[in-house]
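Asker: here's a sequence, model it:
(2 chains)
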Number of protein chains: 2
Amino acid sequence: MSAPAYHHGDLRAALLDAALALLETGGVAALSLRAVARAAGVSAMAPYHHFKDRAALVAAVAAAGYDRLYAEKLAALAAAPDDPIARLVAGARNYVGFVIDNPALYRLMASPELAGRPHADLAKSAAAPAASLAALVAAARAAGQLGDAEPAAVALQLWAFAHGLGQLAIDGHAPGADVPALAESGAQALLRGLG
Amino acid sequence: MSAPAYHHGDLRAALLDAALALLETGGVAALSLRAVARAAGVSAMAPYHHFKDRAALVAAVAAAGYDRLYAEKLAALAAAPDDPIARLVAGARNYVGFVIDNPALYRLMASPELAGRPHADLAKSAAAPAASLAALVAAARAAGQLGDAEPAAVALQLWAFAHGLGQLAIDGHAPGADVPALAESGAQALLRGLG
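Answerer: Numbering: from 1, shown residues only, chains lettered A, B, ... in the order given. From the prediction side, this is the model:
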């Protein structure tokens, strides 16, 4: 059997898809350049054209996670024209839904090693969700829906709530709870209380 | 030089103190029975009288973390007689302060491996902060300060906010922010909005 022939960009995408699948089945410990090459059906050396080492692969997987979070859960809200508070509440619900649907990926995206080690692609991908949050908070503030609360503080408090709730849920601390509904009611309450 | 002579309970406490110090300097990777024995100045076999393996040591360190969190930050609030909402807000501030003061210990306490692997001492230690939170939420509800919000949901939402804010802070996502003040204003807003 010969290895599949990939165009350059297609191989990178195929390696990332293989990495995401390995992550969901085996956790971050399963991520290695060798395992990704094997899963994608290419030579053990092929991934090195795209990722110089394991850390670069891990950062690229996390970046792909932020891209997916933004595209699937936040982009439509950021583009919608109506009530910014309603969009922030929906965003919190969608964010927590993403965490629950992608526990291993989210743990990787939020891992302290990545937070401490800047990586250009990762920073760019993580910036889109943050920018959409900041823009919605600014719109709510401009519409008089947040009183005189400081926008950066509101954004951090709302992110903290969604991040914390998602993490508690995937760590097994919310058995039986309707976590997306709690994300919605909590975000609504937080924003109402801050406003 | 002879090894120090310990009474049984004293040796366990000395080993845990050594483990907490190793954790703060080297992170969870620095925790091993051998390293703890060396740091405490006892034989390499001595820790095995108290911890059957590394997992048992790690669980005992996490349990010590919950004991310290409760004793230092929450017990006085749980015992105070006045306004339960004010005590919940102070508790959120104190909780986040603990996370910021003990980043490696908190990461260990919150690590998904521990959440997934029950351990009797750890469960007992983690129950005290949870019980004090539940009791304060129940008191606020009984005093008519939380409307008809479901107490277990309120407790989870408040914990999620404090947990998430503390984690974002120690992961470097809140540079320059007065995080304990944000814990206070966010908890106040969340509880006001839910009530």
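
Asker: what helix or strand is the most centrally placed residue in chain A located in?
Answerer: For chain A, the residue nearest the mean C-alpha position is A:Tyr66 (3.7 Å; Cα atoms, centre = their mean). Element membership for A:Tyr66 (DSSP states H and E) is helix A:54-69.

Asker: pLDDT below threshold where in chain A?
Answerer: A:1-5, A:8-9, A:115-117 (pLDDT under 70).

Asker: OK, now which residue of it is nearest to chain B?
Answerer: A:Gly164 (2.4 Å; Cβ to the nearest Cβ). For glycine as for every other residue, the C-beta is placed from the backbone atoms N, C-alpha and C.

Asker: was I right about that residue contacting B:Gln157?
Answerer: No. Under the criterion of Cβ atoms under 8 Å, A:Gly164 makes no contact with B:Gln157, lying 9.1 Å away.

Asker: those two: who's more crowded?
Answerer: B:Gln157 (29 against 26; other Cβ atoms under 10 Å in any protein chain shown).

Asker: what's the helix or strand just after the helix holding A:Tyr66 packed up against?
Answerer: Where DSSP H and E defines the elements, the next helix or strand beyond helix A:54-69 is helix A:75-79. Helices and strands touching helix A:75-79, as assessed by 3 or more Cβ pairs under 8 Å, 6 or more residues apart in numbering or on different chains; DSSP states H and E, comprise helix A:84-101, helix A:120-142.

Asker: so which of these is the most surrounded?
Answerer: helix A:84-101 (a mean of 22; mean count of other Cβ atoms under 10 Å in any protein chain shown).

Asker: list the helices and strands it packs on?
Answerer: Secondary-structure packing of helix A:84-101 (3+ Cβ pairs under 8 Å, 6+ apart): helix A:54-69, helix A:75-79, helix A:120-142, helix A:151-170, helix A:179-194.

Asker: show me what that helix is in contact with.
Answerer: A:68-69, A:72-74, A:77-78, A:80, A:106, A:129, A:132-133, A:136-137, A:139-140, A:143, A:145, A:158, A:161-163, A:165-167, A:169-170, A:179-181, A:183-184, A:186-188, A:191, A:195 (Cβ atoms under 8 Å, 6 or more residues apart in numbering or on different chains).

Asker: can you pull the alpha-carbon coordinates of that helix into PDB?
Answerer: Provided in PDB are the C-alpha atoms of helix A:84-101 (Å, rounded to 0.1, in the frame of the first residue of the first chain):
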ATOM      1  CA  PRO A  84     -25.900  42.700  22.600                       C
ATOM      2  CA  ILE A  85     -26.900  41.400  26.100                       C
ATOM      3  CA  ALA A  86     -28.900  38.600  24.500                       C
ATOM      4  CA  ARG A  87     -26.000  37.800  22.300                       C
ATOM      5  CA  LEU A  88     -23.600  37.700  25.200                       C
ATOM      6  CA  VAL A  89     -25.900  35.300  27.100                       C
ATOM      7  CA  ALA A  90     -26.200  33.100  24.000                       C
ATOM      8  CA  GLY A  91     -22.400  33.300  23.600                       C
ATOM      9  CA  ALA A  92     -21.900  32.000  27.200                       C
ATOM     10  CA  ARG A  93     -24.300  29.200  26.500                       C
ATOM     11  CA  ASN A  94     -22.600  28.300  23.300                       C
ATOM     12  CA  TYR A  95     -19.100  28.500  24.900                       C
ATOM     13  CA  VAL A  96     -20.100  26.100  27.600                       C
ATOM     14  CA  GLY A  97     -21.700  23.800  25.000                       C
ATOM     15  CA  PHE A  98     -18.400  23.700  23.200                       C
ATOM     16  CA  VAL A  99     -16.500  22.800  26.300                       C
ATOM     17  CA  ILE A 100     -19.000  19.900  27.100                       C
ATOM     18  CA  ASP A 101     -18.800  18.600  23.500                       C
END
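
Asker: now that helix, how far from the chain's geometric center?
Answerer: Here helix A:84-101 is found 12 Å from its chain centre; the criterion is Cα atoms, centre = their mean, to the nearest Å.

Asker: same question, stretch A:136-149
Answerer: For stretch A:136-149, the distance to the chain centre is 25 Å (Cα atoms, centre = their mean).

Asker: would you mind listing what in chain A touches chain B?
Answerer: Taking Cβ under 8 Å from any Cβ of the partner chain as the contact definition, chain A meets chain B at A:107, A:110, A:112, A:115-116, A:152-153, A:156-157, A:159-165, A:167-168, A:170-174, A:177, A:182, A:185-186, A:188-194.

Asker: can you say which of those are buried?
Answerer: Neighbour counting by 16 or more other Cβ atoms under 10 Å in any protein chain shown classes A:107, A:110, A:115, A:153, A:156-157, A:159-165, A:167-168, A:170-171, A:173-174, A:177, A:182, A:185-186, A:188-194 among the residues of chain A next to chain B as buried.

Asker: re earlier: closest one to B:Lys124 among the helices and strands packed on helix A:75-79?
Answerer: With Cβ to Cβ as the criterion, B:Lys124 lies closest to helix A:84-101 of these, at 28.5 Å.

Asker: about what we covered before: mind listing what the residue of chain A closest to chain B touches?
Answerer: With Cβ under 8 Å, 6+ apart, A:Gly164 has these contacts: B:Trp159, B:Ala160, B:Phe161, B:Ala162, B:His163, B:Gly164, B:Leu165, B:Gln167.
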